[in-house]
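[1] What would the 3D arrangement of this be:
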Amino acid sequence: QAQLVESGGGLVQPGGSLRLSCAASGSMSNINAMEWYRQALGKERELVAAITIGGSTNYADSVKGRFTISRDNAKNTVYLQMNSLKPEDTAVYSCVARHGSGFGYWGQGTQVTVSS
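    The predicted model follows:
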């Protein structure tokens, strides 16, 4: 099974940037897509961005034009570049490896706080 470790979260001022990383290890066979989710305190979990094995991407409307998902296959790492951050982007961000069966392997999450 796949193991995922996120990093790169922290405290940033509004308008700032952060880059999250998700390092994958273990068996990545039959993984069709990598996804970033976030969950803010008291709110439902939200799919932020996804990238398929073929490189297709999609984004939540709330982050389009500000966030970019990418992958480095040689490093088995997926990134989420977050620019023009807003206070409402504050959440725990989690990486998911989506198996072809629909099952998802989850990382432990990393906190992103946008505040002045």
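
[2] Quick check: residue 98 vs residue 116, distance?
    35 Å (C-beta to C-beta, to the nearest Å). (Each C-beta comes from the backbone N, C-alpha and C, glycine too.)

[3] When those two are compared, which one has more neighbours?
    residue 98 (19 against 8; other C-beta atoms under 10 Å).

[4] Please name the nearest non-neighbouring residue to the more buried one.
    Leaving aside its sequence neighbours, residue 98 sits nearest to residue 33 (C-beta to C-beta, 6 or more residues apart in numbering; 4.4 Å).

[5] Cross-check the contact I'm expecting between that neighbour and residue 95.
    No. Using C-beta atoms under 8 Å, residue 33 makes no contact with residue 95, being 11.3 Å away.

[6] Quick check: bridge partners of the residue nearest in space to the middle of the chain?
    For the chain, the residue nearest the mean C-alpha position is residue 36 (2.8 Å; C-alpha atoms, centre = their mean). Beta-bridge pairing of residue 36 under DSSP bridges involves residue 49, residue 95.

[7] Do I have it right that it meets residue 79?
    No. Contact criterion C-beta under 8 Å: residue 36 and residue 79 do not qualify, at 9.3 Å.

[8] between those two, what contacts are shared?
    Common contacts of residue 36 and residue 79 (C-beta atoms under 8 Å, 6 or more residues apart in numbering): 20, 22, 69.

[9] For the first one, grab the count of nearby residues.
    When you say that, I think you mean residue 20. Residue 20: 24 surrounding residues under other C-beta under 10 Å.

[10] Equivalent analysis for the second one, please.
    Using other C-beta under 10 Å, residue 22 has 26 neighbouring residues.

[11] show me the contacts for it.
    Each residue near residue 22 by C-beta under 8 Å, 6+ apart is listed here: 4-6, 34, 36, 77-80, 95, 107.
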